[in-house]
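> Sharing a model that was predicted from the sequence below.
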Amino acid sequence: MTGDALTRDASHTSNRLRLAVVDMVGTTITDDGRTERAMSRALAEHGIEPGSSKFESMLGYARDTMGFSKMTVFSHLFDDAEVAASANKVFEKAYDEMIDDGGVRAIPGAEDAILWMRESGMQVCLATGFGRHTQNMVLESLGWMGLADLSLCPADAGRGRPYPDMILTAVLALDLDDVREVAVVGDTSSDMLSGIRSGASLIAGVLTGSHSEATLRAAGATVVVDSIKQLPLLVEKREARHL
Ligand SMILES: O=C(O)COP(=O)(O)O
C-alpha cells in the first residue's frame with residue numbers, strides 16, 4: 001500500500017463507489033410473476049395440492065425469501081434432499097419454458113444504467129438467487145452476456161442472500177481495495193440485508209420488484225428509489241457530496 005493510500009485509509013474518508021452489485025429479477029429484469037409461477041409448478045409436481053393451506057404457506061415462504069438461493073429455498077421446504085433437488089430441477093425447466101415464451105424482459109432503463117456506471121468507471125456485477133443455468137439463460141435471452149463485468153449466482157460464492165458472500169466474492173474477483181467502495185442494488189429485503197452484512201456503503205432499494213419501501217428500509221436500505229433508472233443520479237449526487 002502506498003503512503004497516500006494508507007493516509008486515506010487512516011482518515012476514514014468516504015471512498016468513491018467503484019462497484020455496483022445489482023440484483024436481477026425485480027431490479028434489472030421483470031418476469032411478471034413467472035418466478036412464483038415456476039415455484040408453484042415445482043410444488044404441485046411434488047405432491048403439494050395447489051390451493052391447500054400447505055401450498056399457500058410454502059408459497060408464502062418463497063415470496064418472503066425472494067432473492068435467496070432457489071436451491072436453499074427448496075431445501076427448506078422439503079425435508080428430503082432428493083425431493084428438494086428434483087423440485088429445483090422442475091423450477092428451472094419451467095423457468096426455461098417461460099424464457100422461451102418471451103416472458104422475461106429488461107426493466108426500462110436498466111441496461112442504460114448499467115452502461116452509465118461502466119462508462120463512469122465503476123464495475124458492475126449482476127447477482128441472483130437463480131442457479132447458474134437459469135442465470136445464463138436469462139442473460140442470453142436478453143443479449144446481456146458481457147453487459148456487466150461479472151455475473152454471480154449463489155454456487156459461485158458459497159451461500160446466496162441474505163449472506164454477503166456474492167458481494168464479497170465480487171469484491172475479491174474485481175480486485176477492490178475496500179468494501180466501502182461497493183453499492184448494492186435490489187428489490188428485496190434479502191438484497192438489503194446482504195448489503196448491510198457485506199459492509200457496502202450504498203444500499204439502494206428499488207420499487208420495481210417484490211418488496212415495499214417500508215420492508216426495504218426495515219431491512220437496511222440506505223436509500224429507496226422508484227427504479228434502477230435513478231441510480232446514475234444517485235451515484236452522481238453521492239460523488240458530488242464527497243468531492
Ligand atoms: O427470485 C429470485 O431469487 C431470483 O431472482 P433474483 O435475480 O432477484 O435473485
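The structure has been received and is ready for your questions. These numbers were taken from a predicted model, which means no experiment stands behind them.

> Okay, buried residues for the top helix by length along the chain please.
When the chain is scanned for its longest helix (criterion: DSSP state H), the result is helix 81-100. By neighbour count on 16 or more other CB atoms under 10 Å, the buried set for helix 81-100 is 84, 86-88, 90-96, 98-99. To be clear about C-beta, it is placed using only N, CA and C from the backbone, and glycine gets the same treatment.

> Stretch 166-184 too?
For stretch 166-184, by 16+ other CB under 10 Å, it's 166-171, 173-174, 176, 179-184.

> Run through who's touching that stretch.
Contact partners of stretch 166-184, identified using CB atoms under 8 Å, 6 or more residues apart in numbering, comprise 5, 9, 14-21, 122-123, 125, 127, 149-150, 152-154, 156-158, 160, 191-192, 194-195, 198-204, 231, 235.

> Could you identify the buried members of these?
Buried, going by 16+ other CB under 10 Å: 15, 17-21, 122-123, 125, 127, 149-150, 152-154, 156-157, 160, 191-192, 194-195, 198, 200-204, 231, 235, out of those.

> now the nearest residue to residue 187 once chain neighbours are set aside: how far from residue 217?
Leaving aside its sequence neighbours, residue 187 sits nearest to residue 209 (CB to CB, 6 or more residues apart in numbering; 2.7 Å). To residue 217, residue 209 is 15 Å away according to CB to CB, to the nearest Å.

> Please identify which of these two sits among more neighbours.
residue 209 (25 against 16; other CB atoms under 10 Å).

> Pull the contacting residues for the more buried one.
Here residue 209 is in contact with 23, 25, 26, 27, 30, 66, 186, 187, 188 (CB under 8 Å, 6+ apart).

> What segments of this structure are helices?
Using DSSP H, helices in the chain cover 3-10, 34-44, 53-64, 70-77, 81-100, 110-119, 132-141, 154-157, 165-173, 189-198, 213-218, 231-241.

> All good on my end, thank you.
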